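Chemist: sequence? don't have it. structure:
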(Lines give C-alpha, C1' and ligand atoms only; values in the text may rest on other atoms or scores of the structure.)
Protein backbone atom coordinates (compact mmCIF):
# COMPACT_ATOMS: atom_id res chain seq x y z
CA UNK A 1 0.00 0.00 0.00
CA UNK A 2 1.35 3.41 -0.96
CA UNK A 3 0.70 6.62 1.02
CA UNK A 4 0.04 10.08 -0.42
CA UNK A 5 -0.32 13.43 1.36
CA UNK A 6 -3.03 15.97 0.72
CA UNK A 7 -5.41 18.46 2.33
CA UNK A 8 -9.17 18.82 2.54
CA UNK A 9 -10.61 21.75 0.58
CA UNK A 10 -14.36 22.23 0.25
CA UNK A 11 -15.02 18.71 1.51
CA UNK A 12 -12.71 17.18 -1.13
CA UNK A 13 -9.26 15.70 -0.62
CA UNK A 14 -6.68 17.41 -2.80
CA UNK A 15 -3.45 15.45 -3.12
CA UNK A 16 -0.09 17.22 -3.06
CA UNK A 17 1.40 18.30 -6.35
CA UNK A 18 3.31 15.46 -7.96
CA UNK A 19 1.04 12.75 -6.56
CA UNK A 20 -0.16 10.22 -9.11
CA UNK A 21 -3.65 10.56 -10.54
CA UNK A 22 -5.89 7.91 -9.03
CA UNK A 23 -8.61 6.56 -11.30
CA UNK A 24 -12.25 7.16 -10.34
CA UNK A 25 -13.54 4.43 -8.08
CA UNK A 26 -10.17 3.81 -6.40
CA UNK A 27 -10.83 2.87 -2.78
CA UNK A 28 -8.72 4.88 -0.35
CA UNK A 29 -8.15 5.00 3.40
CA UNK A 30 -7.98 8.54 4.80
CA UNK A 31 -6.32 9.29 8.16
CA UNK A 32 -6.42 12.85 9.47
CA UNK A 33 -3.11 14.16 10.76
CA UNK A 34 -3.24 16.45 13.79
CA UNK A 35 -1.25 19.64 13.13
CA UNK A 36 1.81 20.29 15.28
CA UNK A 37 1.10 22.76 18.12
CA UNK A 38 2.12 26.26 17.07
CA UNK A 39 2.32 25.42 13.37
CA UNK A 40 0.56 27.59 10.81
CA UNK A 41 -1.89 24.73 10.17
CA UNK A 42 -2.71 24.53 13.89
CA UNK A 43 -3.27 28.30 14.09
CA UNK A 44 -5.55 28.29 11.06
CA UNK A 45 -7.49 25.34 12.49
CA UNK A 46 -8.04 27.20 15.76
CA UNK A 47 -9.10 30.39 13.96
CA UNK A 48 -11.68 28.43 11.96
CA UNK A 49 -13.04 26.56 14.97
CA UNK A 50 -15.83 27.60 17.31
CA UNK A 51 -16.49 29.73 19.26
CA UNK A 52 -16.10 32.75 17.02
CA UNK A 53 -15.85 36.10 18.79
CA UNK A 54 -18.61 38.55 17.84
CA UNK A 55 -17.37 41.78 16.27
CA UNK A 56 -19.02 43.81 19.07
CA UNK A 57 -16.72 42.16 21.62
CA UNK A 58 -13.68 42.79 19.44
CA UNK A 59 -14.64 46.46 19.17
CA UNK A 60 -15.10 46.65 22.95
CA UNK A 61 -11.70 45.05 23.57
CA UNK A 62 -9.96 47.41 21.14
CA UNK A 63 -11.61 50.40 22.85
CA UNK A 64 -10.45 49.20 26.27
CA UNK A 65 -6.91 48.69 24.99
CA UNK A 66 -6.87 52.20 23.48
CA UNK A 67 -8.24 53.65 26.74
CA UNK A 68 -5.48 52.01 28.78
CA UNK A 69 -2.58 53.14 26.60
CA UNK A 70 0.07 55.32 28.22
CA UNK A 71 2.78 57.37 26.57
CA UNK A 72 6.16 55.64 26.43
CA UNK A 73 8.65 56.32 29.21
CA UNK A 74 12.27 56.86 28.28
CA UNK A 75 13.53 56.31 31.83
CA UNK A 76 15.44 53.10 32.47
CA UNK A 77 13.35 50.94 34.83
CA UNK A 78 16.45 49.83 36.79
CA UNK A 79 18.20 53.18 37.02
CA UNK A 80 19.05 53.64 40.74
CA UNK A 81 20.97 56.93 40.25
CA UNK A 82 17.90 59.03 41.15
CA UNK A 83 17.70 57.73 44.74
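Modeler: Sure, I can see it. What you see is a predicted model, and the numbers here were worked out from it, not measured in a lab.

Chemist: so where do the strands sit in the chain?
Modeler: 6-9, 12-15 (DSSP state E).

Chemist: just how off-centre is the last one within its chain?
Modeler: By that I understand strand 12-15. Averaging C-alpha positions (C-alpha atoms, centre = their mean, to the nearest Å) puts strand 12-15 20 Å from its chain's average.

Chemist: just the first one next, same as before
Modeler: When distances are taken as C-alpha atoms, centre = their mean, strand 6-9 is centred 16 Å away from the chain's centroid.

Chemist: Give me the contacts around that strand.
Modeler: 13-16, 19 (C-beta atoms under 8 Å, 6 or more residues apart in numbering). The way it works is simple: take the backbone N, C-alpha and C, and place the C-beta from them, glycine included.

Chemist: I'd like the distance between residue 33 and residue 20.
Modeler: Going from residue 33 to residue 20 by C-beta to C-beta, to the nearest Å gives 20 Å.

Chemist: that older thread, quick one: closest of the strands of the chain to residue 59.
Modeler: With distances scored as C-beta to C-beta, the stretch of the strands of the chain nearest to residue 59 is strand 6-9 (31.8 Å).

Chemist: Which strands border that closest one, and is each parallel or antiparallel?
Modeler: strand 12-15 (antiparallel) (DSSP bridges).

Chemist: Contacts for the strand it pairs with, please.
Modeler: 4-8, 22, 28, 30.

Chemist: at 10 Å instead, please
Modeler: Residues from elsewhere that reach strand 12-15 (C-beta atoms under 10 Å, 6 or more residues apart in numbering): 4-8, 21-22, 28, 30.

Chemist: likewise stretch 19-29?
Modeler: 1-6, 13, 15.

Chemist: rerun at 8 Å
Modeler: 4-6, 13, 15.

Chemist: which among those end up buried?
Modeler: Buried members of these, counted by 16 or more other C-beta atoms under 10 Å: none.

Chemist: so can I have TSV of the residues you listed showing pLDDT?
Modeler: Below are the contacts of stretch 19-29 laid out as TSV (pLDDT from 0 to 100):
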residue	pLDDT
4	84
5	84
6	87
13	85
15	86
